[in-house]
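S.K.: Provide a 3D model corresponding to the input given below.
(one chain, ligands or ions: 2)
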Amino acid sequence: MTALVLSLGSNLGDRLANLQLGLDVLGGGGLDLQAVSSVYETDPVGGPDQADYLNAVLLAGSLLPARDILELCATAEATAGRVRMERWGPRTLDVDIIVYGDEVSTDPVLTLPHPRAHEREFVLVPWLELDPQAALPGWGAVAGLLGSAPATAVRRRPDLRLELHERSSRRFTSHDGAARSRPVTGLGIPEADASCS
Ligand code: A4P
Ligand code: MG
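M.R.: Ligands and ions are numbered 1, 2, ... in the order given. So this is what the prediction gives:
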């Protein structure tokens, strides 16, 4: 099972519903969903003048090759009605692969880790919430990267919540607003046999 970190973002339509739909498509498409962060309202980074985003980060595992996961991300985006108009433009749903195991690739079709993750607070803040020990292959500790990332507005929305609708997952209540199917350990990879709380 390869450990995955995915980033979800939406700034068009019913943003929370779009993120939830994305999670549901990913969960039904061969990913073992393990934890999703709180929802964050974030100022748009790059692109044209556009509305604020809702962003979240998902930890998952999968036996699928990376290219199949990229296709699954595109399916999730299409299901949420995404239309590609311009780069970094407004979108109902964007799903990016931040990390696929420890794979490093400069292939433009699937660059790993995601080429801009290290400088994006809307990725680093939710990821750190799920895993304080998180590290980005080739870049180092996420906590350290956050210190040098350009400061942008990233506000946690405790009033909004995403759910993991996995068929057989055992649910954990966390104090921080994140939904988990299992407790997360140091590397962000949940222990399959850890006990429920
Ligand atoms: N691609 C290469 N590597 C990856 C990867 N690791 N994950 C390719 C996903 N896709 C990857 O993506 C363009 C191409 O990147 C794809 O064909 C894929 O093969 P896209 O989703 O079609 O277009 P895009 O999202 O507009 O471009 P890009 O470069 O992925 O944009 P970013 O860097 O993801 O930025 N501000 C806030 N606050 N929150 C956001 O979520 N998102 C963006 C998009 C800009 N500003 C934002 C946010
Ligand atoms: Mg994208």
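
S.K.: check whether the helix or strand hosting A56 contacts ligand 2.
M.R.: Per DSSP states H and E, A56 falls inside strand 53-62. No: using Cβ under 5 Å from the ion, strand 53-62 stays clear of ligand 2, with a minimum separation of 12.2 Å. For the C-beta atoms, the positions are set from N, CA and C on the backbone; glycine is no exception.

S.K.: and that strand, how far from the chain's centre?
M.R.: Relative to its chain's centre, strand 53-62 lies at 2 Å (Cα atoms, centre = their mean, to the nearest Å).

S.K.: Each with direction, which strands does that strand pair with?
M.R.: Pairing partners of strand 53-62, with direction, according to DSSP bridges: strand 2-10 (antiparallel), strand 32-36 (antiparallel), strand 40-42 (antiparallel).

S.K.: And the ones you listed: which comes nearest ligand 2?
M.R.: strand 2-10 (8.1 Å; Cβ to the ion).

S.K.: hang on, the earlier thing: average pLDDT across the strand holding A56?
M.R.: The pLDDT scores in strand 53-62 average 98.

S.K.: can you tell if the helix or strand following that strand touches ligand 2?
M.R.: Once strand 53-62 ends, the next helix or strand along the chain (criterion: DSSP H and E) is helix 66-79. No: Helix 66-79 is not in contact with ligand 2 by Cβ under 5 Å from the ion; minimum separation 7.8 Å.

S.K.: List every C-alpha atom in helix 66-79, with coordinates, as PDB.
M.R.: What follows is helix 66-79, C-alpha atoms only, in PDB (Å, rounded to 0.1, in the frame of the first residue of the first chain):
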ATOM      1  CA  ALA A  66       0.400   6.900  -9.500                       C
ATOM      2  CA  ARG A  67      -1.000   7.500 -13.100                       C
ATOM      3  CA  ASP A  68      -4.200   5.700 -12.200                       C
ATOM      4  CA  ILE A  69      -4.600   7.900  -9.100                       C
ATOM      5  CA  LEU A  70      -4.100  11.000 -11.300                       C
ATOM      6  CA  GLU A  71      -6.900   9.700 -13.500                       C
ATOM      7  CA  LEU A  72      -9.100   9.100 -10.400                       C
ATOM      8  CA  CYS A  73      -8.400  12.800  -9.400                       C
ATOM      9  CA  ALA A  74      -9.600  13.900 -12.900                       C
ATOM     10  CA  THR A  75     -12.700  11.800 -12.500                       C
ATOM     11  CA  ALA A  76     -13.500  13.400  -9.200                       C
ATOM     12  CA  GLU A  77     -13.000  16.800 -10.700                       C
ATOM     13  CA  ALA A  78     -15.200  16.000 -13.700                       C
ATOM     14  CA  THR A  79     -17.900  14.600 -11.400                       C
END
